[in-house]
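Visitor: What would the 3D arrangement of this be:
(chains A and B)
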Number of protein chains: 2
Amino acid sequence: MAPRGTAREKLLNAAIKLVRTHGYAGTSLDDLCEEAGVSKGAFFHHFKSKDDLAQMAAQFWDERTGTLFASADYHKHTDPLDRVLGYVDFRGEIMDGDIPEFTCFVGTMVQEAYRDAPEIRRACRDSIFGHADTLIDDIQAAIDQAGLKPKDWTAESLAHYTQATLQGAYILAKATESNEAALTSVAHLRRYIELLFAPSH
Amino acid sequence: MAPRGTAREKLLNAAIKLVRTHGYAGTSLDDLCEEAGVSKGAFFHHFKSKDDLAQMAAQFWDERTGTLFASADYHKHTDPLDRVLGYVDFRGEIMDGDIPEFTCFVGTMVQEAYRDAPEIRRACRDSIFGHADTLIDDIQAAIDQAGLKPKDWTAESLAHYTQATLQGAYILAKATESNEAALTSVAHLRRYIELLFAPSH
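Guide: Predicted structure coming up:
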């Protein structure tokens, strides 16, 4: 079945799929055109280069995942800590299916392209940290509600830490061709957050 | 200055250096020979292919880092929890210098090669999880000493989790071209372990 959407959208989706499966350098311009079912002429009508597509795909990914997370149920909890824990649970729930279907496009791409393609690196950074930053308000509200006065961590640093755990969980999943160690990592992350906010602290 | 060692060692070290900088698919056989200062003839005398070198390099990396960790000071603590926390601190201490000097060769390689090169994936898996497993005895001793009876985590799962955090910390470092978010992640990991073993639990 041919991919749906405009040629531009097909190429953006092809980039996400192929990079998640084969990595960025392991994906050629020919591979991208073939996967998208478009000609090279169409490619260069929309993008200046493979790097240009990658950068646009990072932004496209950011918008696509942004919509997914914005519409997820964890926002409905009235308690801010429940929203934070609900986010972590949701990350575990979507670690399902084949590895390329649930691992992170921008985390994979920045792993290899960070030094050779600064524009791609920045687009990946903006996606990873922009997403992390959506958690800050809920974490801060949970800190305030619990009356915590953390001396050596902040809502922002905990938000960033959730992404370190998730990105690393994907590497364990890839190394084992299984989501098991990844889900265990998510459970540890959840336990950490529970302990940080436990009444005794 | 030409790299030292035998042609085989030069190529193994070149693989580690170049993959940490440019990724695996982004490193060509020509790049490897040039970096090592050896001919293609010498390459094929020692390795069947780039994938063969990569697999051997994962084992070489495992031995090299194994020696580094085995000789590190954290083993000297008499208290097992101090040894575990000392390991985490040591991981933070060596997150120093330029990004390619402290990030993980096998974590980077498995990120892109997991699906297309099963032998490389297995070598990377063995390195990551083999290293994680060196922590299990100390974590178990700390659990026993503290009289903990964890219901939903084990020494092994916590050992694996440390690697998820570290691998993800490297991705944050690459995304930001800085070790700052990586060190913050290590500090969160340390805090989690402290909370797990805190007297109130």
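Visitor: Quick check: closest non-adjacent residue to the residue nearest the centre of chain A.
Guide: Geometric centre of chain A, nearest residue: A:Cys104, 4.7 Å, by CA atoms, centre = their mean. Ranked by CB to CB, 6 or more residues apart in numbering or on different chains and with sequence neighbours excluded, the top spatial neighbour of A:Cys104 is A:Tyr170, at 5.6 Å. Bear in mind the C-beta positions are built from the backbone N, C-alpha and C, glycine included.
Visitor: after the helix or strand hosting that neighbour, next one along is what?
Guide: Secondary structure assigned from DSSP states H and E places A:Tyr170 in helix A:155-176. Counting by DSSP H and E, the next helix or strand C-terminal to helix A:155-176 is helix A:180-196.
Visitor: Any regions of chain A where pLDDT drops low?
Guide: By pLDDT under 70, the weakly predicted segments of chain A are A:1-4, A:200-201.
Visitor: quick one: the helices in it?
Guide: Using DSSP state H, the helices of chain A run over A:7-22, A:29-36, A:40-46, A:50-70, A:80-93, A:99-102, A:105-113, A:118-133, A:136-146, A:155-176, A:180-196.
Visitor: Can you add mean neighbour count and distance to B:Met56 and give these back as JSON lines?
Guide: Listed next are the helices of chain A as JSON lines, based on neighbours: other CB atoms under 10 Å in any protein chain shown; distance: least, CB to CB, whole Å:
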{"stretch": "helix A:7-22", "mean neighbour count": "22", "distance to B:Met56": "22"}
{"stretch": "helix A:29-36", "mean neighbour count": "18", "distance to B:Met56": "28"}
{"stretch": "helix A:40-46", "mean neighbour count": "14", "distance to B:Met56": "37"}
{"stretch": "helix A:50-70", "mean neighbour count": "18", "distance to B:Met56": "30"}
{"stretch": "helix A:80-93", "mean neighbour count": "19", "distance to B:Met56": "36"}
{"stretch": "helix A:99-102", "mean neighbour count": "16", "distance to B:Met56": "25"}
{"stretch": "helix A:105-113", "mean neighbour count": "28", "distance to B:Met56": "20"}
{"stretch": "helix A:118-133", "mean neighbour count": "20", "distance to B:Met56": "30"}
{"stretch": "helix A:136-146", "mean neighbour count": "17", "distance to B:Met56": "44"}
{"stretch": "helix A:155-176", "mean neighbour count": "25", "distance to B:Met56": "18"}
{"stretch": "helix A:180-196", "mean neighbour count": "21", "distance to B:Met56": "25"}
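Visitor: Is it possible to get JSON lines of the ones you listed that adds distance to B:Gly23?
Guide: Formatted as JSON lines, these follow (distance: least, CB to CB, whole Å):
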{"stretch": "helix A:7-22", "distance to B:Gly23": "11"}
{"stretch": "helix A:29-36", "distance to B:Gly23": "16"}
{"stretch": "helix A:40-46", "distance to B:Gly23": "22"}
{"stretch": "helix A:50-70", "distance to B:Gly23": "13"}
{"stretch": "helix A:80-93", "distance to B:Gly23": "25"}
{"stretch": "helix A:99-102", "distance to B:Gly23": "17"}
{"stretch": "helix A:105-113", "distance to B:Gly23": "3"}
{"stretch": "helix A:118-133", "distance to B:Gly23": "12"}
{"stretch": "helix A:136-146", "distance to B:Gly23": "31"}
{"stretch": "helix A:155-176", "distance to B:Gly23": "14"}
{"stretch": "helix A:180-196", "distance to B:Gly23": "21"}
